[in-house]
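Give me coordinates for this.
(chains A and B)
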Amino acid sequence: NAGVTQTPKFQVLKTGQSMTLQCAQDMNHEYMSWYRQDPGMGLRLIHYSVGAGITDQGEVPNGYNVSRSTTEDFPLRLLSAAPSQTSVYFCATGISGAANQPQHFGDGTRLSIL
Amino acid sequence: GQQVMQIPQYQHVQEGEDFTTYCNSSTTLSNIQWYKQRPGGHPVFLIQLVKSGEVKKQKRLTFQFGEAKKNSSLHITATQTTDVGTYFCAGTAGANNLFFGTGTRLTVIP
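Next up is the predicted model:
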């Protein structure tokens, strides 16, 4: 089993470009989420999903969109990249449809916006 | 909004010394989780505490959840170089949002 797979691992974008960060899991977990990690600020929740077809906003959702058409996939879309979105992005999953369970993280996507 | 603060931000210890990181929430938590992130890696789940006053141990690591369920601590006895990394607490007040602390970066000097 691969667990939680994030692609790409690294990406450089120009301001204004759009892109999609992919997250796929093969553990049949209901809960999926996206975090961004910036130095000195821990991990901040962007969006989350408690199951296929359901998404909701986290702490810092502006500038990002998500969808959950299947249990396995939870892509994160940057609509118009800004330098403030330079960060490391982590996808995480939890076995049940709630956050109060152990979270399994992917390896992360390191994104730079020029 | 909910905030989870963690202190200290950095800690340098000599190998063999003890280490403690503290986590404080502005609101009462349903549970608290602890994660470890090695340099360049991703967070890895360590443990979850649910009950008021709960204490759990994993070898040299001791985790506590406060009586008011607003604070928690992680204590490592006799640190080793393998303990290097950033330790995060994360709490839930409801079911769907997990709020992470700012983390404590531990450096162990051989």
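
And what about B:Phe45, helix, strand or coil?
strand (DSSP: H, G, I helix; E, B strand; the rest coil).

Give me the pLDDT value at it.
On pLDDT, B:Phe45 comes in at 97.

Tell me if I'm right that it and A:Gln103 touch.
Yes - counting by C-beta atoms under 8 Å, A:Gln103 is a contact partner of B:Phe45 at 6.3 Å. (Each C-beta comes from the backbone N, C-alpha and C, glycine too.)

Could you give the bridge partners of the residue nearest to the spatial centre of chain A?
The geometric centre of chain A, computed from its C-alpha atoms, lies nearest to A:Trp34 (C-alpha atoms, centre = their mean), at 2.9 Å. Beta bridges link A:Trp34 to A:His47, A:Cys91, judged by DSSP bridges.

Let me see the contact set for it.
A:21, A:23, A:45-48, A:58, A:64, A:66, A:74, A:76, A:89-92 (C-beta atoms under 8 Å, 6 or more residues apart in numbering or on different chains).

B:Phe45 and A:Gln103 - which one has more neighbours?
Under the neighbour definition other C-beta atoms under 10 Å in any protein chain shown, B:Phe45 and A:Gln103 were set side by side, and A:Gln103 has more, 27 against 17.

excluding its backbone neighbours, what's nearest B:Arg60?
B:Thr77 (4.6 Å; C-beta to C-beta, 6 or more residues apart in numbering or on different chains).
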